[in-house]
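**Q** What would the 3D arrangement of this be:
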Amino acid sequence: MKALLQLLRPYRLWLMGLLLLTLGSNGLSLLLPRLIAQAIDASLLPGNSLTPLLQLFVGLAIGILLLGLVQSQLQALTAERVARDLRQQIAARLSYQPMQTLQDLGADTLLTRLTSDVEAIKLFVSQVLVAMLSSLLLIVGASVLLLSLNWRLALLVLLILPLMGFAFRLIFGKARQLFGASQAVVDRLNRVINESILGAALVRILNTPALEKSKFDAPNTEARQIGLQILSMFASLVPVINLVAGLGSLLILVGGGYLVIQGQMTLGELAAFEAYLLLLIFPILVLGFTSQQMARAAAAYTRLQPLLDLPAVPPVAPDFAAPVRSLQVQDLSLKLNERPVLKQLSFALAPGSKTAVLGPTAAGKSQLLQVLAGLRQADSGLLSFDGQPLKTEHAGAALPPGLAMVFQDSILFQLSLRENIAFGRALSEAELVKVLAVAELTAFVASLPQGLDTPVSERGLNLSGGQKQRLMLARALASQPSLLLLDDFTARVDPATEARILDQLSAVYPDLTVLLVTQKVATAARFDQVLLLMEGELLASGSPAQLLQTSPEYMQIAESQRSTEHTAHTEQPEHAS
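**A** Here you go, the predicted model:
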């Protein structure tokens, strides 16, 4: 709880305002039983007018109402500000983290923490914090006033309160653990729902809705069970509170009645005593119900703390005088889950060179590009751009100027085609025409009624796989790169279109340094240099012609792919008679 309150330190002025308003409204509330006592005692004496007391009572009630309205507005404003700033802090930290860190955290967990957990903190500020302060002030104030009325009777009543405090402490500790477990189950539910939506077509084709339902039912049932445990625990507070309230009233009626008969207390003071007991019990009841949100907020902050502890400032990348055009890699190694993925790689890209990385699936090609682009952190090795060393710990830092990458998976946003290509940059029409032509998108865009203003649906579902990959290329070219990394970006493009794209890329951007990942020898053969990568090892490097003479592995891959293509061309489909 201390750590949670530390989170609110930047808002101490706002909270001080809330505290003053709470003090004011509670102070006025504590005066009301005194007025009631005076009114009762005055009514028992002939000739006394109650008008001044009634006027004062109405004035206090209006004051309490106005202070409460201002307090509610300030409370809501403070809570929304805390939630906004908390989301901004977390988002800013996440934007500088290496891809591996984000993958370890998981999208479902991050979604829950940025929504449900932040919402729990917001509810704590908007409802629990002020209610807790108000309740504590009322408890202290009512206790002091009870003692001032009759300290013997007050001590008798106050002795039963530790029973309630013990019950709260016991339940709060257990509830915090349960709320943490509940949020973990919500993470699993988010993951199952996300997978079910993304794989809806596959589920329908395989006819496995029962399997998906069972995957959802397990965490859903667990969430229900945890929720019932939490409700049962807090429901058990109600009889404890009722018991304490009943005992208090009984003690006041018996003890207070005796004191009235003995003339040691007036009837008005007895009524005030009963009213102060209600002012004492009610905030305890409020604390009982708000302790549920308090426990949830404490659990939420525990889950948010690791995100807030992430570095807030991006790692400092070396300054480059100009956009980078060359790349040098020396003894670069990478492990994923303790499994070697890249093993002591060394190679260089000259300015303006065109290099292909050829290899089968799981050779480590994509991971190599991710390290070069700063998305992953290599375990060892030296990486240099234009001869300037860059530590392998540069993952998460700003990219060297001029470096761009086209991913194998198409990443598009629910924006227009123009906005997806420009992506925040101010592009002229001439620049757009240029990148569309190189990416072979001119005819496609011209065929659309809205042209470049055509909206892209969620995850680009209104586009084909090839169109999405070409849009990714257009976006990268729009950044005016000097060194371009291409991760098998033509996997969903037909060979003829791929050939035109690569020809245009060389013709329009002759000085552009290109590193392309591919599985196709025909594609690699169009490049100046080929790096043959298998199981994370660099088996051979050189021009395509050289590798055909010197590398048995390259020759084997080339022959295998030629045989496959020849078979595909010569086989004729059989027609049913």
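
**Q** May I have the secondary structure class of the closest residue to residue 372 other than its chain neighbours?
**A** Nearest non-adjacent residue to residue 372, counting by CB to CB, 6 or more residues apart in numbering: residue 485, 6.2 Å away. In short, each C-beta sits where N, CA and C put it, glycine included. Three-state assignment for residue 485 (DSSP: H, G, I helix; E, B strand; the rest coil): strand.

**Q** Which pLDDT value belongs to residue 485?
**A** Note for residue 485: predicted pLDDT of 94.

**Q** residues in contact with it?
**A** Neighbouring residues of residue 485 by CB atoms under 8 Å, 6 or more residues apart in numbering: 369, 372, 373, 403, 404, 405, 406, 515.

**Q** what does residue 475 give?
**A** Per CB under 8 Å, 6+ apart, neighbours of residue 475: 406, 420, 421, 423.

**Q** want to throw those residues into CSV with neighbour count and secondary structure?
**A** Supplementary listing: the contacts of residue 475 in CSV, determined by neighbours: other CB atoms under 10 Å; DSSP: H, G, I helix; E, B strand; the rest coil:
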residue, neighbour count, secondary structure
406, 27, strand
420, 24, helix
421, 27, helix
423, 14, coil
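
**Q** In a markdown table, list the residues you listed along with pLDDT and distance to residue 66.
**A** Shown next, in a markdown table, are these (pLDDT from 0 to 100; distance: CB to CB, whole Å):
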| residue | pLDDT | distance to residue 66 |
| --- | --- | --- |
| 406 | 90 | 62 |
| 420 | 86 | 52 |
| 421 | 89 | 56 |
| 423 | 82 | 51 |
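
**Q** which one among those gets closest to residue 462?
**A** residue 420 (12.1 Å; CB to CB).

**Q** can I see the domain layout of the protein?
**A** The record's domain parsing of the chain by automatic domain parsing lists 2-308, 327-568.

**Q** which of the ones you listed has the lowest average pLDDT?
**A** domain 2-308 (a mean of 80).

**Q** For residue 260, give its distance to residue 342.
**A** Remark: distance between residue 260 and residue 342 (CB to CB, to the nearest Å) = 89 Å.

**Q** Quick one: residues contacting residue 450.
**A** So residue 450 contacts residue 416 (CB under 8 Å, 6+ apart).

**Q** What of the one 4 residues further on?
**A** Residues in contact with residue 454 (CB under 8 Å, 6+ apart) are 416, 417, 445, 448.

**Q** Could you do residue 255 as well?
**A** 152, 153, 156.

**Q** and it, which of the three is it?
**A** Strictly by three-state DSSP, residue 255 counts as helix.

**Q** rewinding a little: where neighbours are concerned, which of the contacts of residue 454 has the most?
**A** The residue in the contacts of residue 454 with the most neighbours, by other CB atoms under 10 Å, is residue 417 (25 neighbours).

**Q** in terms of contact, does that residue touch residue 460 like I think?
**A** No. Assessed by CB atoms under 8 Å, residue 417 is found out of contact with residue 460, at 10.1 Å.

**Q** so how far is residue 455 from the closest residue to residue 279 other than its chain neighbours?
**A** Distances taken as CB to CB, 6+ apart put residue 142 closest to residue 279, at 4.4 Å, once the chain neighbours are dropped. Using CB to CB, residue 142 is found at 61 Å from residue 455.

**Q** of those two, who's got more company?
**A** residue 142 (25 against 12).

**Q** From residue 174, how far off is that one?
**A** Taken as CB to CB, the span from residue 142 to residue 174 is 29 Å.

**Q** Ok, residue 22 next?
**A** For residue 22 relative to residue 174 (CB to CB), the value is 29 Å.

**Q** What of residue 57?
**A** 43 Å.

**Q** now do residue 404
**A** For residue 404, the distance to residue 174 - CB to CB - is 53 Å.

**Q** Mind checking which of those two has more residues around it?
**A** More crowded of residue 404 and residue 174, by other CB under 10 Å: residue 404, with 20 against 13.

**Q** show me what contacts the more buried one?
**A** Residue 404 neighbours (CB under 8 Å, 6+ apart): 476, 477, 479, 481, 483, 484, 485.

**Q** if we go to 10 Å?
**A** Shown in contact with residue 404 (CB atoms under 10 Å, 6 or more residues apart in numbering): 373, 473, 475-486, 512.

**Q** Counting neighbours, which of these comes out on top?
**A** residue 483 (27 neighbours).

**Q** sorry, back to before: looking at the contacts of residue 475, spot the one nearest residue 522.
**A** residue 406 (19.2 Å).

**Q** Work out for me the element the closest residue in space to residue 116 that isn't next to it in sequence sits within.
**A** Using CB to CB, 6+ apart and skipping residues adjacent in sequence, the residue nearest residue 116 is residue 186, 6.0 Å away. Secondary structure from DSSP states H and E places residue 186 in helix 161-198.

**Q** so what does that helix touch, helix or strand wise?
**A** helix 107-112, helix 200-206, helix 209-235, helix 237-251, helix 267-308 (3 or more CB pairs under 10 Å, 6 or more residues apart in numbering; DSSP states H and E).

**Q** Overlap of the contact sets of residue 417 and residue 460?
**A** 467, 471.

**Q** isn't residue 548 right next to residue 532, touching?
**A** No. Residue 548 is beyond contact range of residue 532, at 11.4 Å (criterion: CB atoms under 10 Å).

**Q** between those two, which one's more packed in?
**A** residue 532 (21 against 16).

**Q** after whichever helix or strand the more buried one is part of comes which helix or strand?
**A** Residue 532 is part of strand 529-534, with elements assigned from DSSP H and E. With elements assigned by DSSP H and E, the helix or strand that comes after strand 529-534 is strand 537-542.

**Q** Give me the contact list for that next one.
**A** With CB under 10 Å, 6+ apart, strand 537-542 has contacts from 329, 332, 340, 342-348, 355, 357-359, 363-364, 368, 528-534, 546-554.

**Q** re the thing from before, and residue 4, which of the helices and strands packed on helix 161-198 is closest to it?
**A** Per CB to CB, nearest to residue 4 of the helices and strands packed on helix 161-198: helix 267-308, 4.6 Å.

**Q** orientation of the helix or strand just after that closest one relative to strand 537-542 in degrees?
**A** Heading C-terminal from helix 267-308, the first helix or strand you meet, by DSSP H and E, is strand 327-336. Inter-element angle recorded for strand 327-336 and strand 537-542: 160 degrees (by axes from the mean of the first three to the mean of the last three CA atoms, to 10 degrees).

**Q** what's near enough to touch the residue nearest to residue 116?
**A** Taking CB under 10 Å, 6+ apart as the criterion, residue 186 is in contact with 108, 109, 111, 112, 115, 116, 117, 219, 223, 226.

**Q** Return the member of the residues you listed nearest to residue 495.
**A** Using CB to CB, the contacts of residue 186 come closest to residue 495 at residue 108, 38.6 Å.

**Q** Confirm for me that that closest one is in contact with residue 188.
**A** Yes. Taking contacts as CB under 10 Å, residue 108 lies within contact range of residue 188: 7.6 Å.

**Q** Taking the contacts of residue 186, tell me the two that lie furthest apart.
**A** Longest span within those, CB to CB: 111 and 226, 19.4 Å.

**Q** picking up where we left off before, among the contacts of residue 255, who's most crowded?
**A** residue 153 (23 neighbours).

**Q** which secondary structure element contains that one?
**A** Using DSSP H and E, residue 153 sits in helix 151-158.

**Q** Looking at residue 260 and residue 342 now, which is surrounded by more residues?
**A** Set residue 260 next to residue 342 and count neighbours by other CB under 10 Å: residue 342 wins out with 27 against 15.
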